[in-house]
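**Student:** Have a look at this prediction, sequence included:
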Amino acid sequence: MNKGFWEEQARKHGQGVAAVNFDPIQEELMTSLLEELVPDGRAVADVGCGNGRTLLDLVPNRRAGKFVGYDFASTMVDVAEERRKELKLDNVRFHTFDATAPALPDGARNAFDMVLGKRLLINIKGDAKRQALQNIYDMLREGGTYLMIECFIEPLERTNEARKVLGLDRIGVKDFNEYLTADFMMEVERKFTVERMADVASLYYFVSRVFNAALSEGKPDYFAPINKIAAQLMQAGVQPISGYAPEVAYVLKKKANPL
């Protein structure tokens with residue numbers, strides 16, 4: 001994991017969305033989904049919480065819950081804690097923790113009803129992904145839920161095929177990322193049962209990365225009107241296409257006896 005890059009993102013962007021996501025509209029789509037998926041009254045951990053934006057958005061309407069954010073970048077954690085204090089929130093805390101560490105933080109084993117990982121695993125390469133997955137499993141209570149929001153390579157390839165038809169350059173995976181594959185999902189399913197897969201961004205992603213990219217001659221703006229229209233339709237539940245957004249969400253239930 002490129003720790004130095006994320007430390008610099010925190011110093012540069014602070015609590016801003018740019019610290020954790022280059023695409024603010026897509027971030028908003030996933031935040032809306034989490035509003036639906038995270039009930040009140042639960043013990044929730046966000047592993048790879050970045051600057052804490054996700055939990056700090058969820059907590060004010062879930063005062064009966066208990067929340068902990070973990071991130072390996074100490075500057076991110078400092079930003080999150082500073083904002084928490086400004087908001088006077090007493091049911092959330094942020095701590096430094098590397099998701100690939102061989103030991104869990106004190107008190108974290110079997111401590112959570114839900115664990116959220118948003119673009120966590122794509123920032124971990126090789127076998128270290130499996131250690132992070134095991135840590136998430138061990139943090140969950142029996143029957144707990146893992147909300148896995150990650151990017152997959154196969155939808156990105158479909159989008160790149162469409163871009164090729166229009167003479168657009170391929171969208172590459174950033175050097176510090178390693179997107180998940182369908183084969184890796186087989187490993188996930190050894191520990192978790194898939195209860196739901198939510199593709200809430202394909203229309204937006206296809207419009208922004210194909211239509212808007214072609215219309216703007218290779219210099220697209222995330223906030224272009226066509227992008228906003230696509231996001232508005234998806235937020236209203238209009239999803240005419242799927243399988244084109246790399247970032248998807250899985251609702252996973254912890255298995256009592258993993259394979």
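**Tutor:** In hand now; what should we look at?
**Student:** Pull out the buried residues from the longest strand along the chain.
**Tutor:** If you go by DSSP state E, the chain has its longest strand at strand 140-151. By neighbour count on 16 or more other C-beta atoms under 10 Å, the buried set for strand 140-151 is L140, G144, T145, Y146, L147, M148, I149, E150, C151. Placement of C-beta: from N, CA and C, glycine included.
**Student:** Past that strand, which element shows up next along the chain?
**Tutor:** helix 153-165 (DSSP states H and E).
**Student:** any idea of the mean pLDDT for the helix or strand that that following helix is followed by?
**Tutor:** Per DSSP H and E, helix 153-165 leads on to helix 182-191 as the next helix or strand towards the C-terminus. Taken as a whole, helix 182-191 has a mean pLDDT of 95.
**Student:** what residues does helix 182-191 touch?
**Tutor:** 129-130, 133-134, 137, 148, 152, 154, 250, 252, 254-255, 258-259 (C-beta atoms under 8 Å, 6 or more residues apart in numbering).
**Student:** May I have that helix as CSV, with CA atoms only?
**Tutor:** Taking Å, rounded to 0.1, in the frame of the first residue of the first chain, the C-alpha atoms of helix 182-191 are listed here in CSV:
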residue,chain,number,x,y,z
ALA,A,182,-14.1,-12.7,-10.3
ASP,A,183,-11.6,-15.3,-9.1
PHE,A,184,-10.9,-13.3,-5.9
MET,A,185,-14.6,-13.3,-5.2
MET,A,186,-14.5,-17.0,-5.0
GLU,A,187,-12.0,-16.6,-2.0
VAL,A,188,-14.4,-14.1,-0.4
GLU,A,189,-17.2,-16.6,-0.7
ARG,A,190,-15.3,-19.2,1.3
LYS,A,191,-15.7,-16.9,4.3
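**Student:** Need the residue closest to the centroid of the protein.
**Tutor:** Closest to where the C-alpha atoms of the chain average out (C-alpha atoms, centre = their mean) is K118, at 1.9 Å.
**Student:** right, and V238 touches V200 too?
**Tutor:** No - in this structure V238 lies outside contact range of V200 using C-beta atoms under 8 Å: 11.1 Å.
**Student:** More neighbours: these two, which one.
**Tutor:** V200 (23 against 10; other C-beta atoms under 10 Å).
**Student:** Make sure I have this right: that one is in a helix.
**Tutor:** No - for V200, which was evaluated using DSSP: H, G, I helix; E, B strand; the rest coil, the result is coil, with no helix membership.
**Student:** Next, work out how far apart it and T159 are.
**Tutor:** Look at V200 and T159: by C-beta to C-beta, to the nearest Å, they are 16 Å apart.
**Student:** Tabulate the contacts of helix 182-191 in JSON lines, adding columns for distance to L34 and secondary structure.
**Tutor:** Shown next, in JSON lines, are the contacts of helix 182-191 (distance: C-beta to C-beta, whole Å; DSSP: H, G, I helix; E, B strand; the rest coil):
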{"residue": "K129", "distance to L34": "22", "secondary structure": "helix"}
{"residue": "R130", "distance to L34": "25", "secondary structure": "helix"}
{"residue": "L133", "distance to L34": "20", "secondary structure": "helix"}
{"residue": "Q134", "distance to L34": "23", "secondary structure": "helix"}
{"residue": "Y137", "distance to L34": "20", "secondary structure": "helix"}
{"residue": "M148", "distance to L34": "12", "secondary structure": "strand"}
{"residue": "F152", "distance to L34": "19", "secondary structure": "strand"}
{"residue": "E154", "distance to L34": "23", "secondary structure": "helix"}
{"residue": "Y250", "distance to L34": "13", "secondary structure": "strand"}
{"residue": "L252", "distance to L34": "14", "secondary structure": "strand"}
{"residue": "K254", "distance to L34": "19", "secondary structure": "strand"}
{"residue": "K255", "distance to L34": "23", "secondary structure": "coil"}
{"residue": "P258", "distance to L34": "25", "secondary structure": "coil"}
{"residue": "L259", "distance to L34": "28", "secondary structure": "coil"}
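**Student:** hmm, which of the residues you listed are the buried ones?
**Tutor:** For the contacts of helix 182-191, buried by 16+ other C-beta under 10 Å: K129, R130, L133, Y137, M148, F152, Y250, L252, K254.
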